[in-house]
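S.K.: Return a 3D structure for these sequence lines:
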Amino acid sequence: MRNRFRMTTIGVLAGLGVLVAAGPAAAHVEVSADKNRAGATDVTLTFHGEAENPSGIKSERVVLPEGIAPADVTLVKAPAGWTFQATADGFTVGGKALASGKDAEWKVKVAKLPDGETRLSFKTLETYADGEVSRWIEVEEEGKDEPDNPAPLIKLKPGPSTAPATASAAPSAAPSASASAAPAASAAPTVTATILAEPVSDEGSSLWWLWVLIAVVLGGAALATMLIRRRSTPPAN
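M.R.: Down below sits the predicted model:
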């Protein structure tokens, strides 16, 4: 009995030790979006930082993923007394340290989420009043286990893509235009050929003999006139 009680006590204490050891690792900074589609505009992101240090959270520094510029992010809500400041690669919210054990929650609005992205990680540095910094900066890879210090992650649905439809419409329109223009182009030579085929040149070639005949007649008349004049003129003595 004593051995069984001793083994049970050891098991309980070991279990409590595992829970205590896992406590700090379970704390996270998480993020969610009110619009979960790639390319969405005016999206509100809500961040939640869990407190794991009794001194209280003092600030949260967020590094934006590629495709979101700091200038496109504005503050919506933060803990009382906290301010928002854009940085070169993201933004920081912070101020007076929160009460011991109180989680930090803040909201920002993003002008537009990147197109073609379905996973966005927001690396976050959580700073406490005593100077301790929790680094939630490990990017979780799809299909793999969550890392020890995962960066806040949102998963997005693929956004609608109109590019393929536009691209396919252009080629279909081009043949139509060329097809409609083709008859007009082929019609031009036909009309020209018809005009050139008018019997104008034939008429000119068929009348050349008439001009020759007129010239012969006129020449003959002139010759006859000269002969008549010579005969009618008396010879000189």
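S.K.: okay, CA-based contacts and neighbour counts for the rest of this
M.R.: Fine.
S.K.: How about residue 111: what's its closest non-neighbour residue?
M.R.: residue 42 (4.7 Å; CA to CA, 6 or more residues apart in numbering).
S.K.: try residue 70
M.R.: Nearest residue to residue 70 in three dimensions, chain neighbours excluded: residue 90, at 5.1 Å (CA to CA, 6+ apart).
S.K.: That neighbour and residue 222: what is the separation?
M.R.: Separation of residue 90 from residue 222 (CA to CA, to the nearest Å): 114 Å.
S.K.: Compare the two and say which one has the larger neighbour count.
M.R.: residue 90 (21 against 11; other CA atoms under 10 Å).
S.K.: give me every residue that touches the more buried one.
M.R.: Applying CA atoms under 8 Å, 6 or more residues apart in numbering, we find residue 90 in contact with 61, 62, 63, 64, 69, 70.
S.K.: In helices only, show me the residues you listed.
M.R.: Among the contacts of residue 90, the subset assigned to helices under DSSP state H is empty.
S.K.: Hmm, residue 114 and the residue nearest to residue 111 touching each other?
M.R.: No: counting by CA atoms under 8 Å, residue 42 does not reach residue 114; the two are 12.0 Å apart.
S.K.: re the thing from before, which element is the residue nearest to residue 111 on?
M.R.: strand 41-49 (DSSP states H and E).
S.K.: Would you mark the buried spots in that strand?
M.R.: By 16 or more other CA atoms under 10 Å, the buried positions in strand 41-49 come out as 42, 43, 44, 45, 46, 47, 48, 49.
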